Structure formats: structure tokens, C-alpha cells
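**Student:** Whatever this is, show me its structure:
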Amino acid sequence: MGHDIWHGIEHVFVEQSLVAAFAVVGALILVSNYAAKRLTKGRVHGSAIAIVLGLALAYLGGLYTGGKKGLADIPALAGIGLMGGAMLRDFAIVATAFEVDVIEARRAGLLGVLALALGTILPFIVGTLTAVAFGYHDAVSITTIGAGAITYIVGPVTGAAIGADSTVMALSIATGVTKAVMVMVGTPLVARLIGLDNPRSAMAYGGLMGTVSGVAGGLAATDPKLVPYGALTATFHTGIGCLVGPSILFLTVRALVG
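**Tutor:** Numbers count the residues shown, from 1 in each chain. The predicted structure is shown next:
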């Protein structure tokens, strides 16, 4: 009897894979938010805990199946591969912009542009120096890992464009994810110190930090009303990084290291 019930549940998960993926992710977020509230008293946002748990589950899924897609290699959880794919990811990022008040966005002005420039260049420099410190000396690897420090999307986009191998691109993604979690956890802790309490400062912050997921999660824990403004400039930041990473930044690094 128990076996039949389990087989029926598995059949539903396989046939309705995307719906099952939403249910699993929803349950994970529910657990993460509960843990954030009870264990950290709201100091760490549930999104940060959910990302860490998601990475751990992906690792365990890879060990269990021996595949390359983590939990998505398990037939009953194949929908997670679609849910976490580029299509829904980009849709979610673009959707945040619809909550932005255009008048407030204009007030960022030159400050927002400057934040975008600094938020692209400074993380890239830190990422390249880290790559060199860990023994990478070729322009392709240094640029890819440096681009990952901009965001975990810019890293693999840049790496694919300039011919980086899969190991280096994986490192660039890991670099970007680490940054996202740090921003997500750290934002509520420093919000008062840096005056992060209005749309203008949120846009500047989003441009400087760059990571959409990190900024959105951090601002959600600080003030949910600020999320669209921070996400707006963070999204531009990702786009700019994808443009300049394989071009200007790569050529600059190649000129320096040969």
C-alpha cells in the first residue's frame, strides 16, 4: 500500500514536473523563512538561507545521481531544471522593474551611473587579483573569474565568449554566488550605517553591489519597498558586465598579462 502511494506521488511529480518544482522550492523557502525568524531573529534573511540550502541540495543531488544538473537529474525533480533556467530567471528579473516609480528612478541621476561604473570595475579588480593569487596567469581565466566577481551571470557569459574551460567558469559562478550570499546577509546589518532607507540610496547600492539576488534579498530584509529600486540598477549592472566583460575588460587584462 505504502509503495503504491509513493509510486503515485512520484508519477505526479514526473508528469507535472514544473508544478512539482514550484512546490519543492516553496517548501524550501517556507523552511528557510522559519529558520531565519526563529534561529536568527530576522538578522539573516530567509532568501540567504534558502540559497545555501539549495546549493547543498544540488551538491547532494549530484553525488546521488552522478550527473551534472544536481537535483534536476532526479526524474521526479526534473522540473527544477526548467524553473531555474534562464527563461524564468530573466522573467523574474525583468518583472521587478515594473514596481519602480519613474520619478524616483530619475533622482538617482549621475549617482546611479557612477555607482554602476564603480560596481563593475571594483569587483572585477578584486576578482582578477584573487585569480592571480590562486595561480591563474592566463588572460582568459583571470578575466572569467574577475567577471564572476561582478555577478555569477557575467562570469559564465564572459567565459563562454572568450573560450574559458568549464572548470574556470564554475569557479566564476562560485565567486558570484559567494558575493550574492555575502551581500544578502550583510545588507540588513549595514543599512543604517550607510543610510540605506530611501529609493535613491537603494539604486546607488544596487549599482555598487550588482548582484540582483543578493541586493533583492538584502533589501527585502531591510525594507521591501526598496527592492525594486535596488534590483533595477543591479539588473543594469548585470547587462553592462555582460557587454564589457568579454570586450573591454578582457582586452585590458590581455594587454597587461599577455
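**Student:** hey, let's count contacts and neighbours off CA atoms from now on
**Tutor:** Fine.
**Student:** which residues of the stretch 51-200 of the chain score low on pLDDT?
**Tutor:** Across the stretch 51-200 of the chain, the ranges flagged by pLDDT under 70 are 67, 84-87, 89-109, 112.
**Student:** What average pLDDT does stretch 205-219 get?
**Tutor:** The average pLDDT within stretch 205-219 is 84.
**Student:** So for stretch 62-73, what gets flagged as buried?
**Tutor:** Within stretch 62-73, the residues that qualify as buried are 62, 69, 70, 71, 72, 73, counting by 16 or more other CA atoms under 10 Å.
**Student:** try stretch 118-130
**Tutor:** Buried residues in stretch 118-130, defined by neighbour count with 16+ other CA under 10 Å: 118, 119, 120, 121, 123, 124, 125, 127, 128, 130.
**Student:** And for stretch 220-239?
**Tutor:** Residues of stretch 220-239 classed as buried: 220-222, 225-238 (neighbour count, 16+ other CA under 10 Å).
**Student:** Work out the gap between that stretch and the centre of the chain.
**Tutor:** Distance of stretch 220-239 from the chain centroid (CA atoms, centre = their mean, to the nearest Å) equals 12 Å.
**Student:** Residue 123 and residue 152, how far apart?
**Tutor:** 12 Å (CA to CA, to the nearest Å).
**Student:** Need the residue closest to the centroid of this structure.
**Tutor:** With distances taken as CA atoms, centre = their mean, residue 213 lies nearest the centre of the chain, 4.5 Å away.
**Student:** For that residue, list the residues it contacts.
**Tutor:** Residues in contact with residue 213, defined by CA atoms under 8 Å, 6 or more residues apart in numbering, are 180, 184.
**Student:** so which helix or strand takes in it?
**Tutor:** If you go by DSSP states H and E, residue 213 is part of helix 212-222.
**Student:** list the contacts for residue 123?
**Tutor:** By CA under 8 Å, 6+ apart, the contact set of residue 123 is 146, 149, 150.
**Student:** change it to 10 Å
**Tutor:** Shown in contact with residue 123 (CA atoms under 10 Å, 6 or more residues apart in numbering): 129, 146, 147, 148, 149, 150, 151, 176, 179, 208, 209, 210.
**Student:** Please name the nearest non-neighbouring residue to the third one.
**Tutor:** By that I understand residue 147. Distances taken as CA to CA, 6 or more residues apart in numbering place residue 155 nearest to residue 147, at 4.5 Å, with adjacent residues excluded.
**Student:** Does that neighbour touch residue 173 like I think?
**Tutor:** Yes: Residue 155 is within contact range of residue 173, at 6.1 Å (criterion: CA atoms under 10 Å).
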